[in-house]
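Student: please work out how this folds:
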Amino acid sequence: MGEIANDLTDDMMAIEAVRGTGADIDPERDEEPEDEIFCPYCDKPATLVTGEIIYPHRLDLYEKQFWYCELCNAYVGCHGLTSMPLGTMANADLRSWRKAAHNAFDSLWKGKGRKVRSSSYSILANILGIDLDDCHIGQMDIAMCKSVIEAVKNSKESTTT
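Tutor: Numbering: from 1, shown residues only. Have a look, this model is predicted:
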């Protein structure tokens with residue numbers, strides 16, 4: 001894993017991040033916006049709401065769409081101004097782990113200016129032993145988020161020794 005971890009650090013150098021504009025939708029995808037999704041915690045239909053409900057203190061997110069389960073306080077943001085989820089719905093515990101995984105992963109490539117984020121995800125998928133199509137932190141469960149954090153930790157340790 002050390003050699004792959006070194007590749008992870010070496011190749012995670014930059015991003016052309018476009019978030020919340022609709023430009024983050026993969027043009028290869030032929031998915032239509034969702035009409036209805038179900039909460040993975042209670043199996044009840046989620047409600048499509050705006051950011052005003054989820055983040056009332058963030059005026060910049062008021063127009064953004066979210067699938068929300070009030071009962072479970074679980075939600076997922078949507079691509080641009082569509083109803084297509086960016087990942088899977090997450091409760092507070094899973095959101096906390098996803099933030100930690102993103103912070104760890106992002107620390108390897110943000111601001112280093114060499115490669116795009118997609119190549120970084122490709123290397124991470126290889127390390128985790130998952131398909132690249134499944135390597136999106138917004139789709140990961142807690143166990144996989146912990147694996148991301150551990151992979152990044154191992155990567156950083158292998159480059160300092």
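
Student: which stretches of the chain form strands?
Tutor: 47-50, 65-69, 74-77 (DSSP state E).

Student: may I see the buried residues of the first one?
Tutor: Yep, that's strand 47-50 we're talking about. Buried residues in strand 47-50, defined by neighbour count with 16 or more other CB atoms under 10 Å: L48. The C-beta positions use only the backbone N, C-alpha and C, and glycine is treated the same way.

Student: that strand - contacts with which helices or strands?
Tutor: Applying 3 or more CB pairs under 8 Å, 6 or more residues apart in numbering; DSSP states H and E, one finds that strand 47-50 contacts strand 65-69.

Student: who does the strand it packs on pair up with?
Tutor: If you go by DSSP bridges, strand 65-69 pairs up with strand 47-50 (antiparallel), strand 74-77 (antiparallel).

Student: closest one to E150 among these?
Tutor: Closest approach to E150 among the strands paired with strand 65-69 (CB to CB): strand 74-77, 24.5 Å.

Student: so where's this structure uncertain?
Tutor: Counting by pLDDT under 70, the chain contains low-confidence ranges at 1-34, 111-116, 159-161.

Student: for the nearest residue to M144 once chain neighbours are set aside, give its distance to N103.
Tutor: Excluding the flanking residues, the one nearest M144 by CB to CB, 6 or more residues apart in numbering is L128, at 7.1 Å. Shown here: L128 relative to N103, a distance of 17 Å by CB to CB, to the nearest Å.

Student: between those two, which one's more packed in?
Tutor: L128 (16 against 12; other CB atoms under 10 Å).

Student: quick one, what contacts the more buried one?
Tutor: 135, 144, 147-148, 151 (CB atoms under 8 Å, 6 or more residues apart in numbering).

Student: can I get these in CSV with neighbour count and distance to F66?
Tutor: Formatted as CSV, those follow (neighbours: other CB atoms under 10 Å; distance: CB to CB, whole Å):
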residue, neighbour count, distance to F66
C135, 21, 23
M144, 18, 22
S147, 18, 26
V148, 22, 23
A151, 22, 29
